[in-house]
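[1] Output the structure for:
(2 chains)
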Amino acid sequence: MSFEASYSGIGRLDRLSYRDTIIHRLDPRAKVVATMLFAIAVVSFPKYEVLSLLPFFLFPILIGALGDIPPGFIARKVVAVSPFAVFVGIFNPLFDPGVVSIAPGVPVSAGWVSFAAILVKFALTISAALLLIATTSFPGICRGLRRLGLPALFVSQLLFLYRYLFVLMEETMRVVRARDMRSFGVRGTGVRVFVRIVGTLFLRTVERAERIYGAMLARGFRGEVPSMRREALRLSDAFFVAAAGSFFVLCRFVPVPQMLGRLVGGLAG
Amino acid sequence: MSHHLLEFRDVRFRYPDGTEALKGVSFLITHGEAVGIVGANGAGKSTLLLHMNGYLLPTSGSVTVGDVPLRKESRQEIRRKVGVVFQNPDDQLFMPTVFDDVAFGPLNLGLPPDRVRERVHEALRRVGALALADKPPHHLSGGEKSAVAIATIIAMEPDILVMDEPAASLDPKSRRSVIGLLNSFAHSKIVASHDLDLILDVCARCLVIRDGAIVADGAAPEILSDATLLAENNLELPLTLQGRPPWKGTRR
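    Coordinates of the predicted model:
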């Protein structure tokens, strides 16, 4: 993927997070907590569970639908990072040749089942994390984390990272464009030029940091970034966390798909 | 009102690498004056501005704001009186949203939250950027960024407003609205710029700085119409004073 393409992907994610839907309006803390609970519930399943994980897809689907996030965009992002999960699980079928049965009378090689479980867990947690970012502005997430007890220093680091990520990426894009325009074909795109570009960008960043610090001093900065409390938890936030939490607990401890299967089987029989 | 005075007396400044950037600068700016500072690249304009709020301290000589002499200990007090808007709004706007950025200064001054909210509201209203309050700075256009950068400073209600190239790289309409904005302030104003038309529109008085020293100080219309003086300082007549010579290009 080219630099410009990945940059516009991040920009799109950022723009989505400034929409105004029922999900976007929830308090960031509620969404951070719900996403964490979701990830814990999903990851806590034993390694041969696949079917029981499926109901969890309801959570990202609902968030995506209510938050008006294009599903294709999230799916492409998940696929783009999926090689990590594939490499983690790809050797399971070789090393784990045992046999388990996923449904009564359907035996499958254990390695393939655990591989599938890894992929499903990955898809669930990554899409939930992406949806959290797509439905909550980054400053909102930082405020949420701060109120949940993350030290102020880390939070200001995150905020500066967010603020200057875009400035730095745009600067990089301009430099890369200028290089591409004068390096016909491969010459000029080699490692040596790349190293120099990184060096230049680093020096520029240092200079910029100095100017920013000057601007901060000019406005009375004395070592701590001040913040204002601006929102209180509402009933709807509490309801969201409670509903999501009980849904996760239900799906974690009650084998819903199997019950449904038995129900359907019972009706048929 | 004596507290709106800004006085430089024989200010000299040498950077750690030995470059002498200011070589004895003296001037007095009184309450409500609008003063332009012009000069070639590298003449010492930026160094001069950085002394006005104590980011740099003079190697010798004195800077006085109101009745407070600039010293290491008095810098916080000086920064409350003198607001500096830096040239690049991306350096000026470092907080995640416009609201937080404008609130940064007032919060550092220790104001209570509802006073801060009022100040932010008023500052954004004055620059016509109220609708942008919840946006992150990287979603703003260049003109919007400049307006918000000015709001971050006026929210602190300084006595003296100092600006470095307030309209650089703005489109003509945004530049015009920045000029209107500057003219709407009753503050003492100090504007460093290469945009001589802007200086002519905003400032009654003009200082010319060359090689770390003041070479001219007088009424802006006089100084900015002195073609010889301007040429000696890598400047030229403001476009509005140039007249339009007949077009000499080739017509086809």
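
[2] From the chain's centroid, how far away is the longest helix along chain A?
    Longest helix in chain A by number of residues (criterion: DSSP state H): helix A:152-182. The chain centroid and the centroid of helix A:152-182 are separated by 20 Å under C-alpha atoms, centre = their mean, to the nearest Å.

[3] And for stretch A:70-85?
    How far stretch A:70-85 lies from its chain's middle: 10 Å, per C-alpha atoms, centre = their mean.

[4] Only C-alpha atoms, please: export it in PDB.
    Written as PDB, here are the backbone C-alpha positions of stretch A:70-85 (Å, rounded to 0.1, in the frame of the first residue of the first chain):
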ATOM      1  CA  PRO A  70     -19.600   1.500   6.300                       C
ATOM      2  CA  PRO A  71     -19.100  -2.200   7.000                       C
ATOM      3  CA  GLY A  72     -16.900  -2.700   3.900                       C
ATOM      4  CA  PHE A  73     -14.400  -0.100   5.200                       C
ATOM      5  CA  ILE A  74     -14.000  -1.900   8.500                       C
ATOM      6  CA  ALA A  75     -13.900  -5.300   6.800                       C
ATOM      7  CA  ARG A  76     -11.100  -4.200   4.500                       C
ATOM      8  CA  LYS A  77      -9.100  -2.900   7.500                       C
ATOM      9  CA  VAL A  78      -9.500  -6.200   9.300                       C
ATOM     10  CA  VAL A  79      -8.400  -8.100   6.200                       C
ATOM     11  CA  ALA A  80      -5.400  -5.700   5.900                       C
ATOM     12  CA  VAL A  81      -4.000  -6.700   9.300                       C
ATOM     13  CA  SER A  82      -5.100 -10.300   9.200                       C
ATOM     14  CA  PRO A  83      -1.700 -11.700   8.100                       C
ATOM     15  CA  PHE A  84      -0.600 -11.400  11.800                       C
ATOM     16  CA  ALA A  85      -3.400 -13.700  13.000                       C
END
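
[5] by contact count, what packs against whichever strand or helix holds A:K31?
    Of the helices and strands defined by DSSP states H and E, A:K31 is found in helix A:28-43. Packing partners of helix A:28-43 (3 or more C-beta pairs under 8 Å, 6 or more residues apart in numbering or on different chains; DSSP states H and E): helix A:110-135, helix A:138-147, helix A:235-253. Backbone N, C-alpha and C define where each C-beta goes, glycine included.

[6] do that again at 10 Å, thanks
    helix A:58-66, helix A:110-135, helix A:138-147, helix A:235-253 (3 or more C-beta pairs under 10 Å, 6 or more residues apart in numbering or on different chains; DSSP states H and E).

[7] buried residues in the last one?
    For helix A:235-253, a neighbour-count test (16 or more other C-beta atoms under 10 Å in any protein chain shown) marks A:237, A:240-241, A:244, A:247-248, A:251-252 as buried.

[8] Give the rounded mean pLDDT of it.
    In this model, helix A:235-253 has an average pLDDT of 89.

[9] Alpha carbons of the helix or strand that comes right after it, in PDB - could you do that?
    Proceeding N to C from helix A:235-253, the next assigned helix or strand is helix A:256-268, under DSSP H and E. This file holds the C-alpha atoms of helix A:256-268, laid out as PDB (Å, rounded to 0.1, in the frame of the first residue of the first chain):
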ATOM      1  CA  VAL A 256     -26.500 -20.000  22.800                       C
ATOM      2  CA  PRO A 257     -25.900 -21.500  19.300                       C
ATOM      3  CA  GLN A 258     -26.000 -25.000  20.700                       C
ATOM      4  CA  MET A 259     -29.300 -24.200  22.400                       C
ATOM      5  CA  LEU A 260     -30.700 -22.700  19.200                       C
ATOM      6  CA  GLY A 261     -29.500 -25.800  17.300                       C
ATOM      7  CA  ARG A 262     -31.200 -28.100  19.800                       C
ATOM      8  CA  LEU A 263     -34.300 -25.900  19.700                       C
ATOM      9  CA  VAL A 264     -34.400 -26.100  15.900                       C
ATOM     10  CA  GLY A 265     -33.600 -29.800  16.000                       C
ATOM     11  CA  GLY A 266     -36.400 -30.300  18.400                       C
ATOM     12  CA  LEU A 267     -38.900 -28.400  16.300                       C
ATOM     13  CA  ALA A 268     -37.800 -30.400  13.200                       C
END
